[in-house]
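S.K.: 3D, please:
(chains A, B and C)
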Amino acid sequence: MAKDMSDLGGYREGFALPRAFYTDPAIYERDITCYWNQSWIWVGHISQIPNPGDYFLFDYGPESIIIVRTQSGEVRAHLNVCRHRGSRVCTQGEGNTRLFVCPYHAWSFDLEGSLRGGRAMGPDFDPGEWGLFPAHLRIFEGLIFISTAETPPPIDAGLEQLKPLAAPFDLSNLKVAHEASYPVPANWKLAVENYMECYHCAPSHKEYARSHTLKDPRDVTALDPALKERSRAIGLSTETVQAGGATAVAPGADIYWRRYPLFEGYDTGSQTGKGVAPLLGTLTGYDGGATDLGVGALNNLLIYADHVVGYRFVPRGLQETDIQVVWYVRGNAVEGRDYDREALTWLWHVTSLDDERIIRHNQAGVNSHHFQPGPLSEMEWGIDGFYRGYLAFLQR
Amino acid sequence: MAKDMSDLGGYREGFALPRAFYTDPAIYERDITCYWNQSWIWVGHISQIPNPGDYFLFDYGPESIIIVRTQSGEVRAHLNVCRHRGSRVCTQGEGNTRLFVCPYHAWSFDLEGSLRGGRAMGPDFDPGEWGLFPAHLRIFEGLIFISTAETPPPIDAGLEQLKPLAAPFDLSNLKVAHEASYPVPANWKLAVENYMECYHCAPSHKEYARSHTLKDPRDVTALDPALKERSRAIGLSTETVQAGGATAVAPGADIYWRRYPLFEGYDTGSQTGKGVAPLLGTLTGYDGGATDLGVGALNNLLIYADHVVGYRFVPRGLQETDIQVVWYVRGNAVEGRDYDREALTWLWHVTSLDDERIIRHNQAGVNSHHFQPGPLSEMEWGIDGFYRGYLAFLQR
Amino acid sequence: MAKDMSDLGGYREGFALPRAFYTDPAIYERDITCYWNQSWIWVGHISQIPNPGDYFLFDYGPESIIIVRTQSGEVRAHLNVCRHRGSRVCTQGEGNTRLFVCPYHAWSFDLEGSLRGGRAMGPDFDPGEWGLFPAHLRIFEGLIFISTAETPPPIDAGLEQLKPLAAPFDLSNLKVAHEASYPVPANWKLAVENYMECYHCAPSHKEYARSHTLKDPRDVTALDPALKERSRAIGLSTETVQAGGATAVAPGADIYWRRYPLFEGYDTGSQTGKGVAPLLGTLTGYDGGATDLGVGALNNLLIYADHVVGYRFVPRGLQETDIQVVWYVRGNAVEGRDYDREALTWLWHVTSLDDERIIRHNQAGVNSHHFQPGPLSEMEWGIDGFYRGYLAFLQR
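M.R.: Numbers count the residues shown, from 1 in each chain, chains lettered A, B, ... in the order given. The predicted structure is shown next:
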């Protein structure tokens, strides 16, 4: 991995990244080792592992992480790589267990990741040295974040700052209503960039643009004062936290929290505009707003009054990415009675299909040796912020 | 792309290219940037875009070109890459339009490639600087050639020289009767080499060898005088133009035009030997000949008295190539009445299937680390010419 | 192939190989050129080509070898690469022929590999210089080994030493009863390592572990004296030859021959423990043992009293390997009468399915950038031996 990134391949601030960032296998390898393996990644929610021994896996690029609730009730994250000869230790996507037994030579690890025994390893072998590598873990309002970095980006202060703003939604009291994955033949950065700007919303997302104002900053400005009033009325803070890009406390520690208005007639992100699930937390009604929550550049959630949509752009290869979408509703909501899965997921399903298409065409064009990065619009400031953090990691 | 080609990897004149030219991803990348993107490429025929707004795409390697007839009736070629963030601007293979609207952020380009507008790009943005990149374009007797080079190979004088020879065929008055693509898991150069020589015709192409004399130079010589007489009788010039390889005015500017005899009983390249479509242009009958037309090394057409077969070897990846074949007939010919598609395409369909097989086995063998390029036969002079031009580009 | 292997990427003796050995395309290319193309490879048995003109192909990585019996009855091996432009000369997996005629330009080679003729190659062409490249060939008790090295590892003395030990089995009098291939998405070295140790046998191979003692060295030791007695009783030598790894006469010249006990009740490697085919050679009964035969690190056979199972781990790509298994029985055995194919192949079919799974999970884990090679157990000494020979070749 001797790629010299000192010149950043001709990158100019205010412009898209040069072609090689989307086409060069060596840069993709750096993306994993220098960026993803150094960042915080939102991997799930505590409601997925309520009981001791409950676990699930989260995979990205060539990496695999075990997230498990231990016997004492703590949540832990371990690298899913046997310390002996490297086999995946856990091969089921989720389940409940007392031990992780490597399928190859039966090295067995308890839920804390400690190696039990060590058959035929000789007298000098100390099992204490050969436990599963731990990953860092943070739980914010029930949302689980992991990092495989030695020293992950400092997000604790930022999360602390978000806590009172998030409190009325009671995000720790959610359940997964639906998960979907939209594979797109494109580099993961094109998918992140796509999420980072709403310059494309008007031309590309008919349904979204009908209900959400972000497609035009003037609409946001015009409708914001009324939203603020309605938000306060249902018990929400109207504070904005915008510490990303140049204003992040450190690369990868971006924190973003902002509620913006939907158009009149829209209580939530649904086809009809009407609610699609029970109100979250302590909310007393609909305010017709949506909150963008961002932690680092990789972790993005959209919080309506009655549901939450999480977005993740998981690299599978240089030009293979899974757009993973998770729909959350109030923890005690019951499908069929309290929400209809079809109605709940409609908006971000059709919007994700749009995104898959436009990201795919983006990669096809960027593959041209004649591609030259063009200037970003005023509405694409989020991309600049992403690049700033990303390039800081790559140049380390 | 730091590959040093100064030693050409051990290439010796008169021999096949060394293994790396068919197996090394870095050389494949040079093939696209230094050869394909610097050459003239035959992409189609004006009959495909008769009206203003008519367009079609031509893709090769990672590149995509829009060929369009403008409102004023001119034909233009643009790179199919948005100047903003690089998306493909046009995603339909062919159609009619007034504007090319990028599917991502709706940057809109008129048929001349100029950017219209530039939403939210700030006050200093000059749309005039952000039009689609143009590609060079030449139309020779209705055949469309493009080049994405800054300075394409000088072919104008050569084409001028061909004009009177081609005139009786009235090639601008053709229509596409059939198109087919034969994907072969081999480097594109193996497919070009295959077309460049008829040393393989006798052993590999039973049907072709029965009708065409190129498989044996002695047959060509013996039957040529009688052909010349017959050609003159139907109104054809018998002149030959052979300015290729060492005799090309510049690398990539090779021009080749030569009519050679079919065997007795064959009026045209068909299964029965009988005509399969109306006579082209001003021809007054069949002469039992076929004209090889070559422009550069990439563009090869075979002109019978009643139809034209074009051959293209389009790279898709290091060892993925599409053998594209286009059958043209007289512009006013009607399928079913004037020609039968099955009969028209039979010969070059079966011959292409043969070629797919032998090119595939060629690549499989060349992949061996024990492969050592052997000596070319006297009948493979065309390959030497191809190498000369190709290597001149790669060493630039 | 400028990869500098002088530091071996951090390899420590007694530990697994570092990640790059399983993930780096440049090392894979060295694996083929520096290891496989320098080693002896067991490719088949003389019973496959009893008559003059009989041949079969053996392919690995990008290489292809023709093994043929000549008119004079000798067995020869040729590289399956035309000396002209590199096509595969022979495209059928097996057959009988008098000449190998290249499918491209019909260059024709006799069974000795000599070029016949040379159409249109000019007056100075000497066919004697353009015969197929020969591969080295050794036949040990009917088993055919080839090497494409200039100077293959010196195995003759070792094979000579094995001859008297192998004699009672009369291995030259075998026939192929069944062949199977188990493709696994993993580097070939993970498959070889898997075969090299029985540390995984107890946890991974329920059926095998029930019958074979190698899963626990203490069982081997306990049951060995009784086996030796039984072996002598049926006419077998009880000598062991163990000249591998550090004790090999040269890298790639490892020789291994050792008979070890099955558990009580098992005459042979079958589901019931009962015999599944006629006794081999001059054996007078079952001794309840199995002989591990190894030549180099790539060639492994397991010899029961009534059948032989050969194992080969054939690279197809960086992380694509075919586990090839061949079951041999006495030459005159007749399927249906003397053996049941299902019963014969049961054990090593289920065991190979297990191996496919665990090798696959091993590769998945090793792909993690967080993988760090762990310490080998006492039961994995065979892997150390493999590494020693392998790394000696790579550093040459």
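S.K.: shaky segments in chain A?
M.R.: A:1-6 (pLDDT under 70).
S.K.: again, only this time at 90
M.R.: A:1-10, A:117-119, A:215-216, A:244-247, A:297, A:395-396 (pLDDT under 90).
S.K.: List the residues that contact the spatially most central residue of it.
M.R.: The centroid of chain A falls nearest to residue A:299 when counting by C-alpha atoms, centre = their mean (2.8 Å). Contacts of residue A:299 were listed using C-beta atoms under 8 Å, 6 or more residues apart in numbering or on different chains, and they are A:40-42, A:145, A:310, A:312. C-beta coordinates here come from the backbone N, C-alpha and C atoms, glycine included.
S.K.: make it 10 Å
M.R.: A:39-43, A:140, A:143, A:145, A:155, A:254, A:256, A:293, A:310-312 (C-beta atoms under 10 Å, 6 or more residues apart in numbering or on different chains).
S.K.: any idea how far residue A:182 is from it?
M.R.: Relative to residue A:182, residue A:299 is positioned 17 Å away (C-beta to C-beta, to the nearest Å).
S.K.: again with residue A:390
M.R.: 22 Å.
S.K.: ok, these two, which is more surrounded?
M.R.: Neighbour count, other C-beta atoms under 10 Å in any protein chain shown: between residue A:390 and residue A:182, residue A:390 has more, with 22 against 18.
S.K.: Spatially nearest residue to that one (excluding sequence neighbours)?
M.R.: The spatially closest residue to residue A:390, leaving aside those adjacent along the chain, is residue A:35, at 6.0 Å (C-beta to C-beta, 6 or more residues apart in numbering or on different chains).
S.K.: Same question for residue A:235.
M.R.: Per C-beta to C-beta, 6+ apart, closest to residue A:235 is residue A:168, 4.9 Å.
S.K.: Could you tell me how far stretch A:213-227 lies from the centre of the chain?
M.R.: 25 Å (C-alpha atoms, centre = their mean, to the nearest Å).
S.K.: Show residues contacting that stretch.
M.R.: A:197-205, A:208-209, A:212, A:236, A:238, A:258-264, A:266, A:287-290, A:292, A:378-379, B:119-120.
S.K.: ok, now which ones touch the nearest residue to residue A:237 once chain neighbours are set aside?
M.R.: When the adjacent residues along the chain are set aside, residue A:237 lies closest to residue A:165, with 4.9 Å between them (C-beta to C-beta, 6+ apart). By C-beta under 10 Å, 6+ apart, residue A:165 lies in contact with A:236-241, A:257-259, A:291, A:293.
S.K.: Give the next helix or strand downstream of the host helix or strand of residue A:158.
M.R.: Element membership of residue A:158, judged by DSSP states H and E, is helix A:156-166. For helix A:156-166, the following helix or strand on the C-terminal side (DSSP H and E) is strand A:174-184.
S.K.: In the stretch 1-150 of chain A, which residue sits nearest chain B?
M.R.: For the stretch 1-150 of chain A, the residue closest to chain B is residue A:16, as judged by C-beta to the nearest C-beta, at 4.6 Å.
S.K.: Now that residue. Its backbone dihedrals?
M.R.: phi -70, psi 160 (degrees, to the nearest 10).
S.K.: contacting residues around it?
M.R.: By C-beta under 10 Å, 6+ apart, the neighbours of residue A:16 are A:22, A:189-190, A:193, A:362, A:366, A:371-376, A:380, A:383, A:387, B:84-86.
S.K.: Buried only: go through those for me.
M.R.: For those, a neighbour count by 16 or more other C-beta atoms under 10 Å in any protein chain shown gives the buried set as A:22, A:189-190, A:193, A:362, A:366, A:371, A:373-376, A:380, A:383, A:387, B:84-86.
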